[in-house]
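K.L.:
here is my input; please provide its structure:
(2 chains)
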Protein chains: 2
Amino acid sequence: MTRWIAVDWGTTALRITLMSGDRPLDTRASGDGMNALTRDAFEPTFISLADDWIDGNIQVFICGMAGARQGWAEAAYRTVPCSPLDGGLLRVETTDPRLDVRIVPGVRQVSPHPDVMRGEETQIAGILRNISDLDGVACLPGTHTKWAHISAGEIVSFRTVMTGEIFATISNHSVLRHSLTGHGWDEDTFLSAVSDTLSRPEHLTARLFELRAADLLHGQDAAIGRSILSGLLIGSELAATKPWWLGRDVVLTGSPKTTRAYECALKSQGLTPRILPADEMTLAGLTAAKEHP
Amino acid sequence: MTRWIAVDWGTTALRITLMSGDRPLDTRASGDGMNALTRDAFEPTFISLADDWIDGNIQVFICGMAGARQGWAEAAYRTVPCSPLDGGLLRVETTDPRLDVRIVPGVRQVSPHPDVMRGEETQIAGILRNISDLDGVACLPGTHTKWAHISAGEIVSFRTVMTGEIFATISNHSVLRHSLTGHGWDEDTFLSAVSDTLSRPEHLTARLFELRAADLLHGQDAAIGRSILSGLLIGSELAATKPWWLGRDVVLTGSPKTTRAYECALKSQGLTPRILPADEMTLAGLTAAKEHP
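P.N.:
Next up, the predicted model:
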């Protein structure tokens, strides 16, 4: 089998995998995401990480923010409805003649609301490689959670909710940071906050300061505070996306911890989402890109 | 008239006013808020700013975070329902024998939800000095906006909504910061977002990423983005606090710019709030504290 390199190049992280056909052989990661790099730095950064994997001409398939305007090279968005991969990969000029580099373009939506994705289209291609007849919703929880209607092999429409980033921003930069330290978790508390917010979504922002006051007045445990904040935000997301998931076939693809939170929130609403791991879906999607460039 | 010093000592700012009776003579401010100081630093920080105002024994009345656990000295909360000032000022031991320093205690609420204020109780005392028969709601917009039910000279109950801090946190620390630069403002856009969120509060978090996507896809003006974000957050606050303001006599006391946003949002809902300036209410409240220590 010919070796090639699969690359997931995000805003804050770079992850490369040496592949043989559709089989991963080795993986390396670094913090050299798009935000840390000028355009000229992408090729040397890649070469220095992939280093000994490049023993001759090699194909490299990249998804994520490396295709953004501030990335290695801008891969213009395709517009929904469209299949997640549709040929049209961007061939990147390289200084090193051994490299044959292609970037998967992101996907945009113009109406009913403006929206964009870069990287998730590749994970959706991976999901469709596993469930080719999916007629339902792919939910990709993360910093910017994506909800995508999938039908007949296409992304019909999608919606981004910044739940992960809002959680991180509030936990790290607001006065609540004093009351939310650590990594503790209480699932019952989380589910109760999800349920409250689904019933009364208008209370979301008003309830946030309670987390600080409960700490000041009776030393509420930070794990309880974190579980409530997570439940308020995921509950709010589920309230906003109810037409996307209610009565639908939902596939969840994210990191294990985040996926677990969404899974138990959706189960509490009577759904039984299918789980497919995010890293595997990225590799499956990049494999699909390699097979049908 | 005896001279005395009124002090508003917040989390991030210190503001002192030389008073003669209830009349301000001079005002100075610095960035030496509670967060910048250890306990031992409060007295020298105060003396160095007040300096030439201290020409003999002088009374000093302080409200705000100087009375918090991490402040100059902890002034234990009083509990609602209670009048905003009720005697019980905390006398602070000082090294400099010329100083007679007293701190106004904050107010807490145990039920129906935990909540706290420090500083706003003094502004409410100032409002009651101006409108002694207020039977309605004091709304104090700011980093942590307070809504307080006022009746028969007492704070009956209150609710904090972190709208200002969430706006600042998202504008400064999330990916939206790229699309919200500057200080521009569009009132029609703001009011439209307020109205949307009052009708469909469950859409709040889902609409945030649209601000980024609209910038990426068609270069939406940052002033429009800021006005939408402000409208979404203030709309969400008004949705949560509707039982507090609907059909009530509302007094607004905050900085001019923030007060203006709340005023036009409330007017769009058929209210005609009365406006009293925050700095004046703080001084009026500290004057009331001096008169009835």
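
K.L.:
show me where chain A has its strands.
P.N.:
A:3-9, A:14-20, A:23-30, A:58-64, A:78-79, A:90-92, A:99-103, A:107-109, A:115-117, A:136-140, A:145-151, A:154-161, A:250-252, A:274-275 (DSSP state E).

K.L.:
would you turn those into a markdown table with mean neighbour count?
P.N.:
Bear in mind the C-beta positions are built from the backbone N, C-alpha and C, glycine included. What follows is the strands of chain A, written out as a markdown table (neighbours: other Cβ atoms under 10 Å in any protein chain shown):
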| stretch | mean neighbour count |
| --- | --- |
| strand A:3-9 | 22 |
| strand A:14-20 | 20 |
| strand A:23-30 | 12 |
| strand A:58-64 | 24 |
| strand A:78-79 | 15 |
| strand A:90-92 | 16 |
| strand A:99-103 | 20 |
| strand A:107-109 | 23 |
| strand A:115-117 | 23 |
| strand A:136-140 | 25 |
| strand A:145-151 | 23 |
| strand A:154-161 | 22 |
| strand A:250-252 | 22 |
| strand A:274-275 | 15 |
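
K.L.:
how about the ones you listed in TSV, adding mean pLDDT?
P.N.:
Below are the strands of chain A laid out as TSV (pLDDT from 0 to 100):
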stretch	mean pLDDT
strand A:3-9	98
strand A:14-20	98
strand A:23-30	98
strand A:58-64	98
strand A:78-79	96
strand A:90-92	97
strand A:99-103	98
strand A:107-109	97
strand A:115-117	97
strand A:136-140	98
strand A:145-151	98
strand A:154-161	97
strand A:250-252	98
strand A:274-275	98
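
K.L.:
stretch A:130-145: how far from the chain's middle?
P.N.:
10 Å (Cα atoms, centre = their mean, to the nearest Å).

K.L.:
picking up where we left off before, tabulate the strands of chain A (CSV), appending distance to residue A:173.
P.N.:
Listed next are the strands of chain A as CSV, based on distance: least, Cβ to Cβ, whole Å:
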stretch, distance to residue A:173
strand A:3-9, 26
strand A:14-20, 25
strand A:23-30, 25
strand A:58-64, 25
strand A:78-79, 35
strand A:90-92, 35
strand A:99-103, 32
strand A:107-109, 29
strand A:115-117, 24
strand A:136-140, 25
strand A:145-151, 20
strand A:154-161, 19
strand A:250-252, 28
strand A:274-275, 31
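
K.L.:
closest one to residue B:262 among the ones you listed?
P.N.:
Closest of the strands of chain A to residue B:262 is strand A:154-161, at 26.8 Å (criterion: Cβ to Cβ).

K.L.:
centre of the chain to that closest one, how far?
P.N.:
13 Å.

K.L.:
stretch A:244-253 too?
P.N.:
16 Å.

K.L.:
helices or strands up against the longest helix along chain A?
P.N.:
In chain A, assigned by DSSP state H, the helix with the most residues is helix A:222-240. Secondary-structure packing of helix A:222-240 (3 or more Cβ pairs under 8 Å, 6 or more residues apart in numbering or on different chains; DSSP states H and E): strand A:154-161, helix A:163-173, helix A:187-199, helix A:204-218, helix A:256-268, helix B:204-218.

K.L.:
can we see that at 10 Å?
P.N.:
strand A:145-151, strand A:154-161, helix A:163-173, helix A:187-199, helix A:204-218, helix A:256-268, helix B:204-218 (3 or more Cβ pairs under 10 Å, 6 or more residues apart in numbering or on different chains; DSSP states H and E).

K.L.:
nearest to residue A:102, out of those?
P.N.:
When these are compared (using Cβ to Cβ), the closest one is strand A:154-161, at 20.1 Å.

K.L.:
many thanks, have a good one.
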